[in-house]
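S.K.: coordinates only, sequence not included:
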């Protein structure tokens, strides 16, 4: 039975966002400059309530007394086209991590950087849309005519950009750190892991691709991380989500397919969650990250300002 996701997170996030936004604006105004749009990164393991939170945050920010023109970017909407994804998979035929969309290397960072640049400059830009239903669920980019255009002359320019996704904010490790984690996983130091089921060169390929994502991560002014007391909750949450999807559309993935699906993402959680928990910004930029730790019921158990 799918459990209802109750928003108990926005009460922690809204004050944090407004404080960071005020600091952001003051920094530029004190220098006699017009503040650029405020970019907020939001990361959450799949099924933790990220979508519900994003919807509440946007509704609150857009409404009085704030009335801030706000847009949402999902990292999912920057996925490679189907043709490019197939080419990537064929170029790495033995790397199971890139045989489908999801992992770093499966996003179009040129598109992402161009959208970020236009939003920063308050220029008209279309927000990409990815259609996961195309090609029998393999997905493809939706036709551009369906994309929403923001910053048109007739509109107020976007002041707040919420950039959300399961791997938003992931920072690459050194090759040595990846090898150390992989070796320890193979030695059984962490119990059963997904890392141990992959070749080191495949993990290094993903990690090296992640270095290119810094062009997006470095643009963030603040960051919210919805963490889980146990990241393996993602399996149960994703199974619950699929129950709801099957009930609403009459078809969907089996439990076994869901577990296989999550397995494809899980090595990245094992590699990069520790960095998220320490903080993604330089040590001299304390206070720009909020960590919400949620329990099995998805409710907030504790918060931490980093």
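M.R.: Now that the structure is in, tell me what you want to look at. All figures in this text were calculated on a predicted structure; none of them were measured in a lab. Numbering: from 1, shown residues only.
S.K.: mind listing residues that contact stretch 246-255?
M.R.: 2, 239, 242, 245, 261 (CB atoms under 8 Å, 6 or more residues apart in numbering). From N, CA and C alone the C-beta is placed, and that goes for glycine too.
S.K.: for those, which one is nearest residue 201?
M.R.: residue 261 (23.3 Å; CB to CB).
S.K.: hang on, the earlier thing: make TSV from the contacts of stretch 246-255 and add secondary structure to it.
M.R.: Shown next, in TSV, are the contacts of stretch 246-255 (DSSP: H, G, I helix; E, B strand; the rest coil):
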residue	secondary structure
2	coil
239	helix
242	helix
245	helix
261	helix
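S.K.: adding pLDDT, write these out as a markdown table.
M.R.: Putting these into a markdown table (pLDDT from 0 to 100) gives the following:
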| residue | pLDDT |
| --- | --- |
| 2 | 48 |
| 239 | 90 |
| 242 | 82 |
| 245 | 71 |
| 261 | 85 |
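S.K.: of these - the most surrounded one?
M.R.: residue 242 (19 neighbours; other CB atoms under 10 Å).
S.K.: so who does that residue touch?
M.R.: 252-253, 255, 258.
S.K.: need the distance between the two termini of stretch 221-241.
M.R.: 31 Å (CA to CA, to the nearest Å).
S.K.: whoops, I mixed them up, stretch 185-199
M.R.: First-to-last distance for stretch 185-199 - CA to CA - comes to 12 Å.
S.K.: so, low pLDDT: which residues of this structure?
M.R.: 1-4 (pLDDT under 70).
S.K.: now the strands for it?
M.R.: Using DSSP state E, the strands found in the chain span residues 38-44, 70-74, 125-127, 130-131, 140-141, 148-150, 160-165, 222-228, 289-294, 300-305.
S.K.: can I get those strands in JSON lines with distance to residue 51?
M.R.: Below are these laid out as JSON lines (distance: least, CB to CB, whole Å):
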{"stretch": "strand 38-44", "distance to residue 51": "9"}
{"stretch": "strand 70-74", "distance to residue 51": "9"}
{"stretch": "strand 125-127", "distance to residue 51": "16"}
{"stretch": "strand 130-131", "distance to residue 51": "15"}
{"stretch": "strand 140-141", "distance to residue 51": "20"}
{"stretch": "strand 148-150", "distance to residue 51": "18"}
{"stretch": "strand 160-165", "distance to residue 51": "8"}
{"stretch": "strand 222-228", "distance to residue 51": "11"}
{"stretch": "strand 289-294", "distance to residue 51": "14"}
{"stretch": "strand 300-305", "distance to residue 51": "16"}
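S.K.: out of the ones you listed, which is closest to residue 190?
M.R.: Here strand 222-228 is closest among those (CB to CB), at 16.0 Å.
S.K.: pull up the pairing partners for the closest one, direction included.
M.R.: Using DSSP bridges, the strands paired with strand 222-228 are strand 38-44 (parallel), strand 289-294 (parallel).
S.K.: what's the most buried one of these?
M.R.: With neighbours defined as mean count of other CB atoms under 10 Å, those peak in mean count at strand 38-44, which reaches a mean of 25.
S.K.: in helices, which of the contacts of residue 242 appear?
M.R.: Among the contacts of residue 242, the ones falling in helices (DSSP state H) are 255, 258.
S.K.: and the furthest pair within the contacts of residue 242?
M.R.: 252 and 255, at 10.2 Å, using CB to CB across the contacts of residue 242.
S.K.: for stretch 285-295, measure first residue to last.
M.R.: Across stretch 285-295, first to last residue, CA to CA, it's 28 Å.
S.K.: before we move on, the earlier item: make JSON lines out of the strands paired with strand 222-228 and add distance to residue 80.
M.R.: Shown next, in JSON lines, are the strands paired with strand 222-228 (distance: least, CB to CB, whole Å):
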{"stretch": "strand 38-44", "distance to residue 80": "21"}
{"stretch": "strand 289-294", "distance to residue 80": "29"}
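S.K.: out of those strands, which comes closest to residue 201?
M.R.: strand 38-44 (26.5 Å).
S.K.: got a list of contacts for that closest one?
M.R.: Contacts of strand 38-44 (CB under 8 Å, 6+ apart): 17, 20-21, 24-25, 50, 53-54, 116, 119, 159-170, 217, 219-226, 276, 280.
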